[in-house]
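**Student:** Pasted the sequence and its predicted model underneath.
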Amino acid sequence: MAEAPFNKHFPVSWEELHRNAKALAWRLIDRGPWKGIIAITRGGMVPAAIIARELEIRMIDTVCVSSYDHQQQRNATILKGVEGANAGDGEGWLIIDDLVDTGKTAEIVRKMLPKAHFATVYAKPAGRPLVDTFITEVSQDTWIHFPWDIELQFSQPIAKQRNG
Ligand SMILES: O=P(O)(O)OC[C@H]1O[C@H](OP(=O)(O)OP(=O)(O)O)[C@H](O)[C@@H]1O
Ligand code: HPA
Ligand SMILES: [Mg+2]
């Protein structure tokens, strides 16, 4: 697949992610009770853990999907479904991912659990219609840098960045 032009970069700190995942938990609490959480690996496991803690949910399973090599999108591969959770059509279950981008991953997981509630912390416009609840929208040409993917390093002054 063609590489998407990510012109903008949106770094997220652990604190920000924690705050936004908690904000998502606040939105989800009144829509429950939830039978459990299905986290989409790997990125969904971090917000899923925070939401599980806030909503006191201990039944957690995963759907294992892989679709990106860093910013390069590939065909999504399902490595594991949800057989263990006995989630049926997903009724009463929460699916948690860190973000929807093109919506490809969400589309695949929604087919597995059509009645589940799909929630993400971040959403880009193309994937937004596939999510039931999210917290922050960023533009399609923005790459979100999650705290587990980045480290502190020297940053060019803005003037240097603008002048190339
Ligand atoms: O809406 P889409 O275009 O499908 O993109 C969103 C998916 O891509 C990322 O996962 P990725 O496949 O990179 O795996 P990871 O979570 O293991 O990093 C992200 O965590 C979402 O699951
Ligand atoms: O913007 C993104 N950031 C991190 N992982 C992703 N996977 C798809 N889009 C993104
Ligand atoms: Mg993922």
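**Tutor:** Received it, and whenever you're ready, just let me know what you need. Numbers count the residues shown, from 1 in each chain. Ligands and ions are numbered 1, 2, ... in the order given.
**Student:** What residues does the protein have near ligand 1?
**Tutor:** Contact residues (Cβ under 6 Å from any ligand atom) of the chain with ligand 1: 40-43, 66-68, 97-106, 127. For the C-beta atoms, the positions are set from N, CA and C on the backbone; glycine is no exception.
**Student:** again, only this time at 8 Å
**Tutor:** Counting by Cβ under 8 Å from any ligand atom, the positions of the chain adjacent to ligand 1 are 40-44, 65-68, 73, 76, 97-107, 120, 124, 126-127, 130, 149.
**Student:** could you pull out the helices for the chain?
**Tutor:** If you assign secondary structure with DSSP state H, the helices in the chain sit at 14-29, 45-55, 104-112, 158-162.
**Student:** For His145, which of these is the nearest?
**Tutor:** Between His145 and these, the shortest gap by Cβ to Cβ is with helix 14-29, which sits at 10.9 Å.
**Student:** Which other helices and strands does that closest one contact?
**Tutor:** Packed against helix 14-29, as judged by 3 or more Cβ pairs under 8 Å, 6 or more residues apart in numbering; DSSP states H and E, are the following elements: helix 45-55, strand 117-123, strand 133-137.
**Student:** Next, the angle helix 45-55 makes with it.
**Tutor:** With axes from the mean of the first three to the mean of the last three Cα atoms, to 10 degrees as the criterion, the two stretches helix 14-29 and helix 45-55 enclose an angle of 50 degrees.
**Student:** Just the CA trace of helix 14-29, in PDB.
**Tutor:** Presented in PDB, the C-alpha positions along helix 14-29 are these (Å, rounded to 0.1, in the frame of the first residue of the first chain):
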ATOM      1  CA  TRP A  14       2.400   9.200  29.300                       C
ATOM      2  CA  GLU A  15       0.500  11.800  31.400                       C
ATOM      3  CA  GLU A  16      -1.600  12.900  28.400                       C
ATOM      4  CA  LEU A  17      -2.400   9.300  27.400                       C
ATOM      5  CA  HIS A  18      -3.400   8.500  31.000                       C
ATOM      6  CA  ARG A  19      -5.600  11.600  31.200                       C
ATOM      7  CA  ASN A  20      -7.300  10.900  27.900                       C
ATOM      8  CA  ALA A  21      -7.800   7.200  28.700                       C
ATOM      9  CA  LYS A  22      -9.400   8.200  32.000                       C
ATOM     10  CA  ALA A  23     -11.600  10.700  30.100                       C
ATOM     11  CA  LEU A  24     -12.700   7.800  27.900                       C
ATOM     12  CA  ALA A  25     -13.500   5.800  31.000                       C
ATOM     13  CA  TRP A  26     -15.700   8.600  32.200                       C
ATOM     14  CA  ARG A  27     -17.600   8.500  28.900                       C
ATOM     15  CA  LEU A  28     -18.000   4.800  29.000                       C
ATOM     16  CA  ILE A  29     -19.100   4.200  32.600                       C
END
